[in-house]
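>>> Return a 3D structure for these sequence lines:
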Amino acid sequence: MSKTARKQDSEPPPAGRDLSKAPTGIPGLDEILDGGLPQGRPTLICGGAGCGKTLLAMEVLVRGATQFGEPGVFMSFEESAEELTQNVRSLGFDLDDLAARGQIALEYVHIERNEIEETGEYDLEGLFIRLGYAIDTVGARRVVLDTVEALFSGLSNIAILRAELRRLFRWLKDRGVTAIITGERGDGALTRYGLEEYISDCVILVDHRIMDQLAIRRLRVVKYRGSVHGTNEYPFIIDESGIEVLPVTSLGLEHEVSTERISSGLPDLDDMLGGKGFYRGSSVLISGAAGTGKTSLAAYFVDAACRRGERSAYFAFEESQGQIVRNMRSIGLDLQPWMEQGLLRFQAARPTLHGLERHLVTMHKLIREHRPSIVVVDPVVDFLAVATRDETRALLLRLIDFLKVHQITLLLTSLTHGADQEQTAVDISSLIDTWLLLRQIELSGERNRGVYVLKSRGMSHSNQIRELLLTDRGAELKEVYVGPAGALTGAARQAQEAQEAAESLARHQEMERKRRDLERGRRALDARISAMRVELEVQQEEQRLQIEQAEEKELRSQADRIAMARIRQDPPEAQTPTDAGEHYDER
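Down below sits the predicted model:
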């Protein structure tokens, strides 16, 4: 039984969050159904021939038994048990093993229209007995009836047919099983009899159409009593692992964002992005004309992720895996070791190989299996070969939302044409967080590559154009010379750099000459100052001697005057011979 008590039809439908659900286990479908099919109630799957009704019902039954512990009964009115077992074995479902373990019961009710004769009252009592026995045998919680029209193929009385259909659906509800009834599309109605869609609690319409010579399968939930659900058409595919449904508009803008920055693989390009690179989980677009280096920058981004030990997925739609690996070796980048280590996975295919939806499902599947942190799609404009511009934009929107939810960084490349390079062919610029534009710069008979950051949300970034060089030593970003004549690249830039270097050398030599002249002048001046200092010292010494001689002369002159004065003061008679002799001797 369900988690909540089963409601009667006369009671108001419960809110979607309170209605018990039986999950289908099919990727994408449970999201559209807000959790799964209504538990304990009938669901109608209708559509034309070859649209996948039987496979969808069978997968819900098998996944219920294997993943959710709900055994089931598959009652077929068109294919035998052996045919069913063989048909679904390609999807990886082993019905014989499930039946042997008591998880599934296969019942085949053979009905031939020419063997049915309308005599007396028509009822399904025998069917109820057989179906009830099968349910009790395996303890079934899920039941599939495929297809319901076969039960009434020989019945022309519409009143009896409608009454028995109502009784069948009521009987399934009373048994409390989650029933899935498949039905053929009718003229002007969802089913042949136009009643099943009204008495079913949930109706799923599947469609198989051809558009531009490409097969496309779509699914739509027509109604779902008591529950919210996706109302758009959703693409789905059938491959070796079963059915996979892609929600188109169910993803919201409630994903978490990261502040972590990851390298682009080129330090110079990281410098243009605030010195740190891209935000993790962001979307990056590299656009430009043919030959500008879009794939090369994408390969460097992948290589940087693998060097960090992170996984990467590369979806190529123009070149094969081997061709990309070979071409990248010409610029010094070897991706082969990362492939051998299981860090890098390539998925290369022409866009015309499948429809748009199958490409998207293939991407989702590889991403879930490989769990990469980096995804590259190269290029996105090739999808225009199999879809319109609006359809391609919708695909990219779904892919971007899916990757943002899982914090996976997406890098897209886009080929641009014409003079307006700041416009993408698929009009996705508003969905992109960082946009790098590569352009051809023609000058002096050369074509060179230039790169600049057109926008980068949430970070400071350079507004300069840098020249992108791709050599056998790797990729390099160089400053582009901007002068009166405009931006110079290639040989013109090298010539300008050589001229500037020569002029700089000449200026340097002139400054060195002036410095040498200044030094010589200083030394000459120092020499003159030293000579003058010596001359001054000589003059000072001569003047000192002269002063000393003059002073000595003055002293002697004073002594002579004193002596003379003494002689004049003494009379002659007072002088004795001795005195006179002494005085004479002194003189």
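
>>> What is the burial count for residue 210?
9 (other Cβ atoms under 10 Å). Quick note: C-beta positions are derived from backbone N, CA and C, even for glycine.

>>> who's residue 74 bridged to?
residue 106, residue 144 (DSSP bridges).

>>> ok, it touching residue 104?
Yes - Residue 74 is within contact range of residue 104, at 6.6 Å (criterion: Cβ atoms under 8 Å).

>>> shared neighbours, those two?
Residues touching both residue 74 and residue 104 (Cβ atoms under 8 Å, 6 or more residues apart in numbering) are residue 61.

>>> Helices along the stretch 351-500 of the chain, start to end?
Counting by DSSP state H, counting those that start in this stretch, the stretch 351-500 of the chain has helices at residues 356-370, 389-405, 490-569.

>>> Give me the residues contacting the second one.
I take that to be helix 389-405. Counting by Cβ under 8 Å, 6+ apart, 246-248, 251, 253, 255, 281, 283, 356-357, 359-360, 363-364, 367, 375, 377, 380, 383-384, 387, 409-410, 412, 425-428, 431 sit against helix 389-405.

>>> and what of the first one?
Where contact means Cβ under 8 Å, 6+ apart, the residues beyond helix 356-370 that reach it are 27, 216-217, 235-237, 239, 241, 244, 246, 311, 313, 315, 345, 347, 349, 351, 354, 375, 377, 383, 386-387, 391-392, 395, 398-399, 402-403, 406, 408.

>>> Centroid-nearest residue for this structure?
residue 410 (1.5 Å; Cα atoms, centre = their mean).

>>> That one contacts residue 283, correct?
Yes - counting by Cβ under 8 Å, residue 410 does reach residue 283; the two are 4.8 Å apart.

>>> circling back: tell me which of the contacts of helix 356-370 fall in strands.
216-217, 235-237, 239, 244, 313, 315, 345, 347, 375, 377 (DSSP state E).

>>> burial count for residue 162?
Counted with other Cβ under 10 Å, residue 162 comes out at 17.

>>> how close does it sit to residue 408?
To residue 408, residue 162 is 52 Å away according to Cβ to Cβ, to the nearest Å.

>>> How about residue 126?
In this structure, residue 126 and residue 408 are 55 Å apart, going by Cβ to Cβ.

>>> In terms of neighbours, single out the busier of those two.
residue 408 (23 against 9).

>>> From residue 96, how far off is the more buried one?
For residue 408, the distance to residue 96 - Cβ to Cβ - is 40 Å.

>>> do residue 438 as well
57 Å.

>>> the more surrounded of these two?
The neighbour comparison of residue 438 against residue 96 (other Cβ under 10 Å) goes to residue 438, with 22 against 14.

>>> can you tell me how far the closest residue to that one other than its chain neighbours sits from residue 280?
Of all residues not flanking residue 438 in the chain, residue 288 sits nearest, at 3.1 Å (Cβ to Cβ, 6 or more residues apart in numbering). According to Cβ to Cβ, residue 288 and residue 280 sit 24 Å apart.

>>> So for those two, which sits in the more crowded spot?
The residue with more neighbours, out of residue 288 and residue 280, is residue 288; 23 against 17, by other Cβ under 10 Å.

>>> burial count for residue 563?
Neighbourhood size, residue 563 [other Cβ under 10 Å]: 12.

>>> Also the one 5 residues further on?
The criterion is other Cβ under 10 Å. On that basis, residue 568 has 6 neighbouring residues.

>>> Could you measure from it over to residue 561?
Separation of residue 568 from residue 561 (Cβ to Cβ): 11 Å.

>>> before we move on, what about residue 363?
The gap separating residue 363 from residue 561 is 131 Å, by Cβ to Cβ.

>>> what's the answer for residue 403, then?
124 Å.

>>> who's more crowded, these two?
A count of neighbours by other Cβ under 10 Å puts residue 403 above the other of residue 403 and residue 561, at 22 against 10.

>>> Give me the pLDDT for the more buried one.
The score at residue 403 is 91. That number is its pLDDT.

>>> what does residue 157 give?
We have a pLDDT of 64 for residue 157.

>>> same check, this time on residue 473
For residue 473, the predicted pLDDT is 89.

>>> list the contacts for it?
residue 332.

>>> again, only using 10 Å
By Cβ atoms under 10 Å, 6 or more residues apart in numbering, the residues touching residue 473 are 331, 332.

>>> Over to residue 83?
Residues near residue 83 by Cβ under 10 Å, 6+ apart: 76, 108.

>>> Check the one 10 residues further on too.
Taking Cβ under 10 Å, 6+ apart, we find residue 93 in contact with 55, 58, 59, 61, 62, 63, 66, 84, 85, 87, 104, 242.

>>> and the closest residue to the third one other than its chain neighbours, how far is that from residue 297?
Closest residue in space to residue 59, ignoring its immediate chain neighbours: residue 242 at 5.1 Å, by Cβ to Cβ, 6+ apart. Using Cβ to Cβ, one obtains 37 Å as the distance from residue 242 to residue 297.

>>> So if I had to pick from those two, which one is more boxed in?
With neighbours defined as other Cβ under 10 Å, residue 242 and residue 297 compare such that residue 297 has more, 25 against 21.

>>> do you know how far that one is from residue 441?
Distance from residue 297 to residue 441, by Cβ to Cβ: 17 Å.

>>> for residue 515, same thing?
Going from residue 515 to residue 441 by Cβ to Cβ gives 41 Å.

>>> Of the two, give the one with the bigger neighbour count.
It is residue 441, of residue 515 and residue 441, that has more neighbours when counted by other Cβ under 10 Å, with 21 against 10.

>>> Endpoint to endpoint, stretch 135-149 covers what distance?
21 Å (Cα to Cα, to the nearest Å).

>>> Next, the buried residues of it.
Buried residues in stretch 135-149, defined by neighbour count with 16 or more other Cβ atoms under 10 Å: 135, 138, 140, 141, 142, 143, 144, 145, 146, 147, 148, 149.

>>> For the last one, give me phi and psi.
Listed backbone geometry of residue 149 is phi -60, psi -30, with angles given as degrees, to the nearest 10.

>>> Is it in contact with residue 53, as I believe?
No - applying Cβ atoms under 10 Å, one finds residue 149 not in contact with residue 53, separated by 11.5 Å.

>>> shared neighbours, the two?
In contact with both residue 149 and residue 53: 182, 183, 184, using Cβ under 10 Å, 6+ apart.

>>> who touches the first one in this structure?
Listed by Cβ under 10 Å, 6+ apart, the contact partners of residue 182 are 43-47, 53-54, 56-58, 76-78, 144-149, 191, 196, 204, 206.

>>> Tell me what it is bridged to.
Residue 182 has the following beta-bridge partners by DSSP bridges: residue 45.

>>> okay, who's weakest in the buried residues of stretch 135-149 by pLDDT?
Minimum pLDDT across the buried residues of stretch 135-149 falls on residue 149, with 75.

>>> any idea how far it is from residue 559?
Taking Cβ to Cβ, one finds residue 149 at 164 Å from residue 559.

>>> same thing with residue 408?
119 Å.

>>> just the helices in the stretch 201-350 of the chain please.
Under the criterion DSSP H, counting those that start in this stretch, the stretch 201-350 of the chain carries helices at the ranges 267-272, 294-307, 321-329, 336-340.

>>> Now find how far off-centre the first one is within its chain.
In this case it means helix 267-272. 18 Å (Cα atoms, centre = their mean, to the nearest Å).

>>> Who are the packing partners of that helix?
helix 294-307, strand 446-456, strand 466-471, strand 474-479 (3 or more Cβ pairs under 10 Å, 6 or more residues apart in numbering; DSSP states H and E).
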